[in-house]
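**Student:** below: sequence and its predicted model.
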Amino acid sequence: MSGAMLRMTKADDVAKAIIERLDGKVVLGLPLGLGKANHIANALYARAATDRSISLRIFTALTLTPPEPGSLLEKRFMGPIMERTLGGYPELAYAQAQRRGGLPPNVEVDEFFLQAGMWLNDPEVQQNYISANYTHASRYILERGCNVVAQLVAKGERDGAERYSLSCNTDLTLELLKAKAEGRTDLILVGQVNSELPYMPGAAELAPEAFTIMLESPEVEFPLPGPPKQPVSLTHYAMGFHVASLIPDGGTLEIGIGSMGHAVAHALILRHQKPTRFAAILKALTPPDDPLERHTGPFEEGLYGATEMFVDAFLELYRAGVLKREVDGAVLDAAFFLAPRDFYAALRDMPLEERAKFRMTDVGFVNELHGADFDKRVADRKGARFVNNAMIATLLGAVTSDALEDGRVVSGVGGQYNFVAQAFALPDARSIMTLPASRQGGDGPESNIRWSYGHTTIPRHLRDMVVTEYGVADLRGARDAEVIARMLEVADAGFHDVLTGQAKSAGKLAGDHQISAAAANNTADALATRLAPFREAGDLPPFPFGTEMTEVEQALAPALQKIKAASASKADIAALVLRGLTAGRPDDQVRQALERLGLERPRSVEERLYARLVRGAMARS
């Protein structure tokens, strides 16, 4: 298996060759998210599952696993949507085994970042989780003796010669190949060609001789998984407009996946295209005595992206003329991407020279400043704003983003700490943590701002900016009492008394401290009232960048969310059922919704109950 790259058409032949070369002791590195060579990984797992003399240890992150809908309603609603967004994606055999109850004794799986919320109740996955900064993961992979990396790649041609691109996952693979070139490892790189994967030029490109084996065949082609776009709530829009007002023209931006990233991008685009309208929305959200410097004008110089994850929101910012500040010919440097399927198609259809503006590189470059080009990185990342999501924040400014108080991991640290550290290392950068002020728990509303919490992702000595739907708490360099006071100003009003009492009892807040009149109105109803004119005018669409849902599904989604929220209370569920019974003759929208769920003619007690719930949830007030 030395010399020229071997070309194979069957995944089992690849697995057999790998096992023979490595004497049955395989330490497999799989890229996080999209870049896994699924067929090769599954073939290795199949051989190990039937031959206990084979040792298979997998080191990876973000194993994409389709969610399992719970109720009949969820199954019928999500089934067609999942087929549109995840259909045809071959599930990873090791993840299926984990979900069924466990791996064979000769197979181990270590992950340093989990699919959010997927494995909370799986002891095996929780026990094998490795807590790691993204930039440290390659070191851990090498220390565990990784001897093969199996990666999905794009095939292309440059200057008449065959080339391959690491495409979506340059992140750790480039670092591992550098270690190999320096003699620190003799791992082999094995590729699997996927024609739907966008060919990304630049550092992502490799010559055939970089690979030991390449798997290529129509039999191992598959559609790329694309997580569906989530609707943007008023809560996320409020946070998005606050964040967008903190980003200076000519600056640098990092944002993450999901509806929060879409909210920020939509707000930035509105600021660029309709600055007066943007300012009006921001005014509705901001108290008159707000002390912060806000940016409301259009983007003349534009933004540059330095982000570990290239999300679809960046593509929307580029199309709108916001992401346009170039650094060495690129408007964005990123380490990996994962996005809805239309994002992959857009990149594939883009001319190669334009695609080169989105530069895929190693994670150490985007997540760190240190290196031979330190001074240049600092200069290029001027005015940086690193925007990350959090789950919990304390009144003293500590942030929890990856795990629960009992130690169970929700997702992972990823690169969050890296960007917070950058924000303090760069001369004019800020770290912005976003979180809703409260959430609906099993026993009712719960504050996401606490006096204390039993787990911390970002410690309080790295506190900077915290944004909720009620405003921005600027914490950097502030005294503890000032930090607490500012956090109370962006907390849900329903929890002010408890939180204030806890801070005063600890002697950290003056006994006569009073919360402002504006913050006393921090309620969901008041926020909805302030934003209602803008929502009705179309400034705050549920899906600012399109959706995989049909019009019927878009109408159904809020109703199903209402049913899910009511399910925590027997009284609330009963009220919805009663409303469904008394709602009268269903209109066209309700009839189409029931038909979409197969409930237009319910045949069982369960179906009749769900039909009434849907009618009740969709009934007009």
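**Tutor:** Looks like it arrived, so ask away.

**Student:** which other helices and strands contact the helix or strand hosting Ile281?
**Tutor:** Using DSSP states H and E, Ile281 falls within helix 275-285. If you count contacts as 3 or more C-beta pairs under 8 Å, 6 or more residues apart in numbering; DSSP states H and E, helix 275-285 packs onto helix 234-244, helix 259-273, helix 524-536. All C-beta atoms are positioned from the backbone trio N, CA, C, and that covers glycine.

**Student:** which of those sits closest to Leu560?
**Tutor:** Leu560 sits nearest to helix 259-273 of all the helices and strands packed on helix 275-285, at 16.2 Å, using C-beta to C-beta.

**Student:** circling back to that earlier point, for Pro288, which of the helices and strands packed on helix 275-285 is the nearest?
**Tutor:** Checking the helices and strands packed on helix 275-285 against Pro288 by C-beta to C-beta gives helix 524-536 as the closest, at 13.3 Å.

**Student:** off-centre distance for that closest one?
**Tutor:** Computed by C-alpha atoms, centre = their mean, to the nearest Å, the chain-centroid distance of helix 524-536 equals 27 Å.

**Student:** helix, strand, or coil at Ile484?
**Tutor:** helix (DSSP: H, G, I helix; E, B strand; the rest coil).

**Student:** before we move on, back to that, minimum distance to Leu73: which of the helices and strands packed on helix 275-285 has it?
**Tutor:** helix 259-273 (21.4 Å).

**Student:** show me what that closest one is packed up against.
**Tutor:** helix 234-244, helix 275-285, helix 312-319, strand 384-389.

**Student:** for the helices and strands packed on helix 275-285, give me CSV that also has mean pLDDT and distance to Gly511.
**Tutor:** As requested, those are exported to CSV (pLDDT from 0 to 100; distance: least, C-beta to C-beta, whole Å):
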stretch, mean pLDDT, distance to Gly511
helix 234-244, 98, 31
helix 259-273, 98, 37
helix 524-536, 97, 28
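
**Student:** tell me the most buried of those?
**Tutor:** helix 234-244 (a mean of 26; mean count of other C-beta atoms under 10 Å).

**Student:** now the angle from that one to helix 524-536?
**Tutor:** Angle, helix 234-244 to helix 524-536, by axes from the mean of the first three to the mean of the last three C-alpha atoms, to 10 degrees: 80 degrees.

**Student:** helix 234-244 vs strand 384-389, what angle?
**Tutor:** 160 degrees.

**Student:** any chance of the helices and strands packed on helix 275-285 in CSV, plus distance to Met214?
**Tutor:** Output for the helices and strands packed on helix 275-285, formatted as CSV (distance: least, C-beta to C-beta, whole Å):
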stretch, distance to Met214
helix 234-244, 42
helix 259-273, 34
helix 524-536, 51
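
**Student:** tell me which of those helices lies nearest to Arg76.
**Tutor:** Of all the helices and strands packed on helix 275-285, the one in closest proximity to Arg76, counting by C-beta to C-beta, is helix 259-273 (23.2 Å).

**Student:** let me know the angle separating that closest one from helix 312-319.
**Tutor:** Computed with the same axes, to 10 degrees, the direction of helix 259-273 lies at 10 degrees from that of helix 312-319.

**Student:** where does the stretch 201-350 of the chain have low pLDDT?
**Tutor:** By pLDDT under 70, the stretch 201-350 of the chain contains no weakly predicted segment.

**Student:** how near is Leu215 to Ala11?
**Tutor:** To Ala11, Leu215 is 6 Å away according to C-beta to C-beta, to the nearest Å.

**Student:** quick check: which element contains the nearest residue to Leu347 once chain neighbours are set aside?
**Tutor:** Nearest residue to Leu347 in three dimensions, chain neighbours excluded: Pro198, at 3.7 Å (C-beta to C-beta, 6 or more residues apart in numbering). Per DSSP H and E, Pro198 falls between elements, in no helix or strand.
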